[in-house]
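**Student:** requesting a structural model of the entry that follows:
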Amino acid sequence: MKQLRIFMILLAVVLATSCNKEEQATGVGDVLVVAKKSGAETVYGLSLYAYTFSTFSSVSAVSSANPPKTYTLKAMNGTFGYETPENAYSTTKPAAGTYTFTATFENGVQQVFENILLDAVLPIPTFEKCEFNKATQQLEIKWQLLNGATSYAINILDGSKTVFASQPLRNVSSPSFAIRSTRGGWAQNYVPEDGKTYTVRLFAYMYEPNGGSYNMQCVSMADSNVIWGN
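**Tutor:** This is a model prediction of the structure:
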């Protein structure tokens, strides 16, 4: 499963905080742990991303925790990324280490940059409520706050397609969110169908300490099914 929501949040922050396009070609790398449920077990994977205002032609990365393994990042929605395949998620947490990215730009210039992955991970978030309220005609979601979580986000999936994506929910003191069919965040021209079952996906994000806002350490997620309109 592609973690496109993770990518969009990270990229938006990088583009808002990075240098001007006209400056010398430079890249930034980030590696994060992805935690989710598989049956009754918590499983882990990795996502690696490389960002630039210029254009990469290729990017690879290696980890000090496992030097023989090379991660080959692929073009992904305007940047380069690697995401652990579904069948490669493991109950073993990824080892902490320094990830060294080697990027080649379209003009042939090569740059090396690093990102440190710590051993901290977030637990899987827990829904306290995820149900459609007929009286108010909205989907009501509540969850438990997680120690270490910097922000949250809500997606709604129609099968494997993301049809709703919230903005990052920061400084959350009352962990709740309501979604109407008329609020912003829905895919263009998409209208949820009464009686149809959707997957609500709750993301929790942990950023790296003392790092820029694009430096993420971990994202954990949980799913809950809901019947729209019922």
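**Student:** where does this protein dip in pLDDT?
**Tutor:** For the chain, the stretches with pLDDT under 70 are 1-24, 211-214.
**Student:** now the helices for it?
**Tutor:** With DSSP state H as the criterion, the chain has helices at 4-17.
**Student:** most distant residue from the middle of it?
**Tutor:** residue 135 (32.9 Å; C-alpha atoms, centre = their mean).
**Student:** just read off the phi/psi values of it.
**Tutor:** Here is the backbone geometry of residue 135 (degrees, to the nearest 10): phi -70, psi -40.
**Student:** do you know how far it is from residue 78?
**Tutor:** Look at residue 135 and residue 78: by C-beta to C-beta, to the nearest Å, they are 42 Å apart. For every residue, glycine as well, the C-beta is placed using N, CA and C.
**Student:** can you give me the buried ones in stretch 148-168?
**Tutor:** Within stretch 148-168, the residues that count as buried by 16 or more other C-beta atoms under 10 Å are 148-158, 162-166, 168.
**Student:** could you list the residues in contact with that stretch?
**Tutor:** With contact meaning C-beta atoms under 8 Å, 6 or more residues apart in numbering, stretch 148-168 is reached by 1, 4-5, 8-9, 120, 122, 125, 139, 141, 143, 169-170, 172, 175, 177, 179, 185-187, 190, 192, 196, 198-207.
**Student:** end-to-end on stretch 192-200?
**Tutor:** Distance between the boundary residues of stretch 192-200 (C-alpha to C-alpha, to the nearest Å) amounts to 13 Å.
**Student:** hmm, I typed the wrong one, I wanted stretch 150-170.
**Tutor:** Stretch 150-170 has an end-to-end distance of 7 Å (C-alpha to C-alpha).
**Student:** try stretch 82-101
**Tutor:** 12 Å.
**Student:** that one: how far from the chain's middle?
**Tutor:** 14 Å (C-alpha atoms, centre = their mean, to the nearest Å).
**Student:** report the buried residues of it.
**Tutor:** By neighbour count with 16+ other C-beta under 10 Å, stretch 82-101 contains the buried residues 82, 83, 84, 89, 94, 97, 99, 100, 101.
**Student:** what residues are bridge-paired with the nearest residue to the third one once chain neighbours are set aside?
**Tutor:** Setting aside the residues directly before and after it, residue 84 is nearest to residue 45 in space (C-beta to C-beta, 6 or more residues apart in numbering), at 3.0 Å. In this structure, residue 45 has beta-bridge partners residue 34, where bridges are defined by DSSP bridges.
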